[in-house]
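In: Any chance you could fold what I've pasted below:
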Amino acid sequence: MKDLPNILPEHVVTPTHDTVNAEQTTSHPPRILLLYGSLRDRSFSRLVVEESARILEILGCETKIFNPSGLPLPDDGDETHPKVQELRELMTWSEGQVWCSPERHGSMTSIMKAQIDWVPLQIGAVRPTQGKTLAVMQVEGGSQSFNVVNQLRILGRWMRMITIPNQSSVAKAFLEFDDNNRMKPSRFYDRIVDVMEELVKFTLLTRGRTDYLVDRYSERKEAGEKLIERVNNKRACC
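Out: Numbers count the residues shown, from 1 in each chain. Predicted coordinates:
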C-alpha cells in the first residue's frame with residue numbers, strides 16, 4: 001500500500017476464488033422478469049417476450065411478464081399508483097430480467113423507458129436492480145438494427161445490472177410470427193434461444209452472490225467515514 005497513498009487499506013478486500021465461488025444456498029428456480037415496450041394489439045415486442053418466457057420455463061425458470069398498460073408517465077403520477085407498486089415489487093422479486101423494445105425513431109420507445117424510470121436505484125435500503133442479470137432484445141419493422149439494444153445496455157449499466165454479452169435483434173418482425181402469434185423457426189428464433197440460455201447460466205452463476213459481487217471499495221470507505229463521524233459526534237456531546 002506504500003505506493004497507493006490515496007487508498008485506505010482497511011477498506012480493501014482482495015477477491016479470492018473461494019469468496020467468488022461461495023456456497024450456493026439458493027435452490028428455487030431462477031426468477032426472471034420480462035418487460036416489453038409496445039401497447040399495440042399485436043405487439044411484436046410482447047410476442048417476443050412471451051416466446052422468451054416459454055423458453056425460460058423450459059430451461060427451468062419461473063417467469064413473470066409486466067404489462068405496462070395503465071402505468072402513468074414518470075412524474076405524472078404518484079409512486080403509490082398500483083401499477084408502479086406492481087412494477088417495483090416485480091423488480092425486487094426478480095433475479096434476472098429480459099427487456100425487449102421496438103425501435104421507434106431510432107431508439108427505444110417511451111413505454112420501455114418509462115418502466116425503467118419508475119424504478120429508482122434505491123427504494124429504502126433495497127436496490128431493486130443492482131446485481132441482477134439482464135438480457136436485452138429489440139424488434140424492428142424494417143431491416144436489422146442495434147440502436148435499441150445498445151441503448152438498453154447503457155440503461156442496464158446505469159441501473160447497476162449484469163448485462164449478458166449475447167443479445168437479439170429481430171428484423172421485419174411482422175414476418176416472423178404465424179397466425180397464432182407463435183414465432184416461426186428461423187435464425188432469429190435460434191438467437192433468442194441462445195440469449196435465454198445464456199441469461200439462465202449467468203443468473204445461476206451470480207444469484208446469491210450479488211451482495212459480494214457489487215460490493216464497492218468507495219461505498220465501504222464512505223460507510224466507514226460516516227461511522228467514524230457518528231462516533232466522534234457522540235463522544236463530543238457526552
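In: can you give me the strands for this protein?
Out: Secondary structure of the chain (DSSP state E): strands located at 31-36, 62-65, 96-102, 133-139, 162-163, 168-170.
In: pull the helix or strand with minimum mean pLDDT from the chain.
Out: Each helix and strand of the chain was given a mean pLDDT (mean pLDDT, DSSP states H and E); the minimum falls on helix 17-20 at a mean of 64.
In: For the strands of the chain, could you give me a markdown table that also reports distance to residue 71?
Out: (Glycine included, C-beta is placed from N, CA and C.) Output for the strands of the chain, formatted as a markdown table (distance: least, Cβ to Cβ, whole Å):
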| stretch | distance to residue 71 |
| --- | --- |
| strand 31-36 | 11 |
| strand 62-65 | 14 |
| strand 96-102 | 14 |
| strand 133-139 | 20 |
| strand 162-163 | 23 |
| strand 168-170 | 24 |
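In: Including mean neighbour count, could the ones you listed go into a markdown table?
Out: A markdown table is the format used below for those (neighbours: other Cβ atoms under 10 Å):
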| stretch | mean neighbour count |
| --- | --- |
| strand 31-36 | 24 |
| strand 62-65 | 16 |
| strand 96-102 | 27 |
| strand 133-139 | 28 |
| strand 162-163 | 21 |
| strand 168-170 | 23 |
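In: closest to residue 199 out of these?
Out: Closest to residue 199 of the strands of the chain is strand 133-139 (Cβ to Cβ; 4.3 Å).
In: what pairs with that closest one, and is each one parallel or antiparallel?
Out: Applying DSSP bridges, strand 133-139 is found paired with strand 96-102 (parallel), strand 162-163 (parallel), strand 168-170 (parallel).
In: which outside residues touch the last one?
Out: Strand 168-170 has contacts (Cβ atoms under 8 Å, 6 or more residues apart in numbering) with 44, 48, 100, 135, 137-140, 144-146, 148-149, 176, 188, 191-192, 195.
In: Compare the strands paired with strand 133-139 and give me the one nearest residue 216.
Out: strand 162-163 (14.4 Å).
In: Now tell me what touches that closest one from outside.
Out: Here strand 162-163 has contacts from 131-136, 153, 156-157, 202, 206, 213, using Cβ under 8 Å, 6+ apart.
In: Go again with 7 Å.
Out: 131-134, 136, 153, 156-157, 202, 206 (Cβ atoms under 7 Å, 6 or more residues apart in numbering).
In: From these, which land in helices?
Out: Per DSSP state H, helices hold the following members of the contacts of strand 162-163: 153, 156-157, 202, 206.
In: can you list the strands of the chain in CSV and add mean pLDDT and distance to residue 53?
Out: Shown next, in CSV, are the strands of the chain (pLDDT from 0 to 100; distance: least, Cβ to Cβ, whole Å):
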stretch, mean pLDDT, distance to residue 53
strand 31-36, 97, 6
strand 62-65, 96, 4
strand 96-102, 97, 8
strand 133-139, 96, 12
strand 162-163, 94, 19
strand 168-170, 93, 14
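In: quick one, which of those is nearest to residue 9?
Out: strand 162-163 (28.1 Å).
In: Distance from the closest one to the middle of the chain?
Out: Put simply, strand 162-163 sits 7 Å off its chain's centre (Cα atoms, centre = their mean, to the nearest Å).
In: cool, stretch 166-180 as well?
Out: For stretch 166-180, the distance to the chain centre is 22 Å (Cα atoms, centre = their mean).
In: and if you look at stretch 92-110?
Out: Relative to the chain's own centre, stretch 92-110 is displaced by 9 Å; criterion: Cα atoms, centre = their mean.
In: between the contacts of strand 162-163, which is nearest residue 104?
Out: Among the contacts of strand 162-163, and counting by Cβ to Cβ, the member closest to residue 104 is residue 136, at 15.8 Å.
In: so who does that closest one touch?
Out: Applying Cβ under 7 Å, 6+ apart to residue 136 gives the contacts 99, 149, 152-153, 156, 163, 167.
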